[in-house]
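K.L.:
no sequence for this one, just the structure:
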């Protein structure tokens, strides 16, 4: 069985998030995406504590697409060291799997 993932990252602005998800989905590296936000984040960066607003990006893909998706995001993300996490779905509906497989080929 093919494994399905939700991949998460974040951007500083809504426009950056939308531009990133459009490129990823058009490139068939993800079957779909969501932009959520703004959300408030608290973090350490370069040894200093900070807070700020970010836009959460969630991408729906398969494990076989992840290496190419990761490379694309790292190359095109506006941040030098963006957060990038993938969580494998334990269970998914048959309709989700069919849609994802049809969309990604």
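P.N.:
Yep, that arrived. Everything numeric here is computed off the predicted structure, so don't read it as measured data.
K.L.:
could you find the closest non-adjacent residue to residue 37?
P.N.:
In this structure, residue 37 finds its nearest non-sequential neighbour in residue 55, 3.8 Å apart by Cβ to Cβ, 6 or more residues apart in numbering. Yep, even glycine has a C-beta here, placed from its N, CA and C like the rest.
K.L.:
okay but that neighbour is in contact with residue 8, surely?
P.N.:
No: between residue 55 and residue 8 there is no contact under Cβ atoms under 8 Å: 11.4 Å.
K.L.:
of these two, which one has the most company?
P.N.:
The neighbour count for residue 55 versus residue 8, taken as other Cβ atoms under 10 Å, is higher for residue 55 (21 against 16).
K.L.:
now that one: how far from residue 33?
P.N.:
Residue 55 sits at a distance of 12 Å from residue 33 (criterion: Cβ to Cβ, to the nearest Å).
K.L.:
pull the contacting residues for residue 85.
P.N.:
By Cβ atoms under 8 Å, 6 or more residues apart in numbering, the residues touching residue 85 are 7, 8, 9.
K.L.:
let's go with 10 Å and repeat that
P.N.:
Shown in contact with residue 85 (Cβ atoms under 10 Å, 6 or more residues apart in numbering): 5, 6, 7, 8, 9.
K.L.:
need the pLDDT of the fourth one.
P.N.:
Which is residue 8. Here the pLDDT value assigned to residue 8 is 98.
K.L.:
run through this protein and note the low-pLDDT ranges.
P.N.:
For the chain, the stretches flagged by pLDDT under 70 are 1-2.
K.L.:
where do the strands sit along the chain?
P.N.:
Applying DSSP state E to the chain gives strands spanning 4-11, 32-45, 48-62, 85-88.
K.L.:
I am finished for the moment; much appreciated.
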